[in-house]
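Asks: quick one, structure for this:
(2 chains)
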Amino acid sequence: MRLSALHLPLALLCAPLLPGIINKVKAFFAGRTGPSVFQPYLDLLKLLQKGAVYSRTTTWVFRAGPIVALASTTAALVLLPLGGLPALLAFPGDLVLFAYVLALGRFFTVAAALDTGSAFEGMGASREVWFAALSEPALLLGLAAMAKQAGKLSLTSLYAALGPAVLLKPGGPALLLVAAALLIIFLAENSRIPFDDPNTHLELTMIHEVMVLDHSGPEFGLIQYAASLKLWALGALASGLLLPVRTGVPWLDLFAGFCGLFVVAMFTGVVESVMARLRLTRVSQLLAAAAAFSVLALMLVRSAP
Amino acid sequence: MSFWVEILVILVVLSNLRVLGASRLSACIQTVAFQGALLGLLPVLANLDALTVRLLLQAGSSTFLKAMVFPWLLGRALRQAGLQREVEPFVGFTASLAAGVLFLGAALWLGARLPQAGPEGLGRLVPTALFTIFVGLFVIVSRRQAVTQVLGYLILENGIYAFGMAFAEHQPLLVELGILLDVFMAVFVMGITLFHIHREFDHLDTDRLTALKH
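Replies: A predicted model of the protein is given here:
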């Protein structure tokens, strides 16, 4: 219990490390030295010291966007276990709440983008919602498959049960499909390559970046911070399944959870270095494939003897 | 069912979905070859504790034909005919994937209703075999090019092979070799036919075969 209280502050503290690691891996592949892994912290500090500029056409919705995004991501982290480490709050069915708390944050980001009245941001908002509509069933069905296999209904007991015993019993290998689906969702929800290029500012390619163009100063900092928290949340979801280390010793589980997250961040860096962005028409196909993986896993787990 | 057989079954299902979603002909051919290799491995993995020379011979010949000879033959036919390298579907890729998921549901539903006749532990193979047969039929009717129809036929054969495996673990060697020889001849003849159709009409579009009469 003492340790489960530790996860949230640790996540809040260490989340900006993940984009730092991704950038470092990308720099390594490009043969550059790259910025330090602590660069995101410095960026956040600088943004927090700046002033904000608001367009006269915007209303309170625009200002609420970044705050609600940060608050909802933090709320999702409260429900999130890290590997075998329990979450701060757990009850049967909290996996649905987890998915929709994240969706609430997205809803407000989209609403803030639409509030600016810019056609450009409206385009990004429409793309974001389109991809979210495709990745949501994949996420929920994947979680349902895991819940069915483990026989548990809350994220904490679900991830605590995901040891070798559950993975080796009939139906267990199907969870590999869920892991693949979760990795695809992880990349899509965090707008990484192959779905979106976080570095470009070209209107043709932008999805997430275009929605936050009008935010400035501290609010942009909040958005960046919320984005790294989301990276942490969905990364923990994927790595908890990919690295099923459940020693029962809390400190070791915590360490394993951290290692899993860093491995997922490095994997993202490698993917971004070796892959190009997908054409927009292909993006929906990849997300449909993720949903198909989840459905398949659920069917296989359901029909397991 | 052992852990490895289950992983193999999942990979077979995934390879079916890949054939439905791939837009490149060469990717489809490679996936079908991979599926053939997986199914060739299946009898070995299912009987790891009681391996016989006959079993190894059967697995080896099947893998050799399906994973090496057929892809080579089809690749050669493609190169000689200088065909387009894109699959031309009547049904789009996303719709094909959705249809594939529906087929899988139907196969699982049907598989649960069939009486369990085969050896214990290979029960999961029946729905997979049914799914593979459905996908083979779907590829035959939903793709425009003649090469993809050969591929659909091969997937269909893979499904029937898996179905036989689920019911009779020890098929007589002669029957097995006979089937393989038949399939080999069929692919061989289809390769030659493809070449001739192409030389005559400059395309391999089965959609336009109805308009052959002058």
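Asks: contact partners for residue 6?
Replies: You didn't pick a chain, so chain A it is. If a contact means Cβ atoms under 8 Å, 6 or more residues apart in numbering or on different chains, then residue A:6 has residue A:254 as its contacts. In short, each C-beta sits where N, CA and C put it, glycine included.
Asks: should've been chain B
Replies: A:170-174, B:124.
Asks: ok, 6 Å please
Replies: For residue B:6, the contacting residues are residue A:173, taking Cβ atoms under 6 Å, 6 or more residues apart in numbering or on different chains as the criterion.
Asks: in which helix or strand does it reside?
Replies: Here residue B:6, judged by DSSP states H and E, is contained in helix B:3-21.
Asks: what comes up buried for that helix?
Replies: Residues of helix B:3-21 classed as buried under the neighbour-count rule (16 or more other Cβ atoms under 10 Å in any protein chain shown) are B:5-21.
Asks: show me the biggest helix of the chain in terms of residues.
Replies: Assuming you mean chain A. Of all the segments of type helix in chain A, defined by DSSP state H, the longest one is helix A:119-150.
Asks: if you could check chain B rather than the one you did, that'd help
Replies: For chain B, the longest helix by residue count, based on DSSP H, is helix B:173-201.
Asks: same for it, what does it pack against?
Replies: Using 3 or more Cβ pairs under 6 Å, 6 or more residues apart in numbering or on different chains; DSSP states H and E as the contact test, the elements touching helix B:173-201 are helix B:70-81, helix B:146-167.
Asks: okay if I get those as TSV plus distance to residue A:135?
Replies: Putting the helices and strands packed on helix B:173-201 into TSV (distance: least, Cβ to Cβ, whole Å) gives the following:
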stretch	distance to residue A:135
helix B:70-81	34
helix B:146-167	29
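Asks: which stretch among these approaches residue A:64 most closely?
Replies: Evaluated with Cβ to Cβ, these place helix B:146-167 nearest to residue A:64, the distance being 52.5 Å.
Asks: that closest one: how far from the chain's middle?
Replies: The gap between where helix B:146-167 is centred and where its chain is centred comes out at 4 Å by Cα atoms, centre = their mean, to the nearest Å.
Asks: and that helix, what other elements does it pack with?
Replies: When contacts are defined as 3+ Cβ pairs under 6 Å, 6+ apart, helix B:146-167 packs onto helix B:25-46, helix B:125-142, helix B:173-201.
Asks: state the distance from residue A:275 to residue B:144.
Replies: Going from residue A:275 to residue B:144 by Cβ to Cβ, to the nearest Å gives 30 Å.
Asks: do residue B:20 as well
Replies: 15 Å.
Asks: again with residue B:92
Replies: Distance, residue B:92 to residue B:144, by Cβ to Cβ: 12 Å.
Asks: who has more neighbours, these two?
Replies: Neighbour comparison, residue B:92 and residue B:144: the larger count goes to residue B:144, with 17 against 11 (by other Cβ atoms under 10 Å in any protein chain shown).
Asks: who are the neighbours in contact with the closest residue to residue B:37 other than its chain neighbours?
Replies: Beyond its immediate neighbours in the sequence, the residue positioned closest to residue B:37 (Cβ to Cβ, 6 or more residues apart in numbering or on different chains) is residue B:67, lying 3.9 Å away. With contact taken as Cβ under 6 Å, 6+ apart, residue B:67 is in contact with B:33, B:36-37.
Asks: and what about residue B:67, helix, strand or coil?
Replies: For residue B:67, the assignment made with DSSP: H, G, I helix; E, B strand; the rest coil gives helix.
Asks: confidence score at it?
Replies: The confidence metric pLDDT takes the value 87 at residue B:67.
Asks: quick one: the residue nearest the centre of chain B and residue B:129, what's the gap?
Replies: Closest residue to the average C-alpha location of chain B: residue B:155 at 1.7 Å, with Cα atoms, centre = their mean. When distances are taken as Cβ to Cβ, residue B:155 and residue B:129 turn out to be 11 Å apart.
Asks: right, I'll leave it there.
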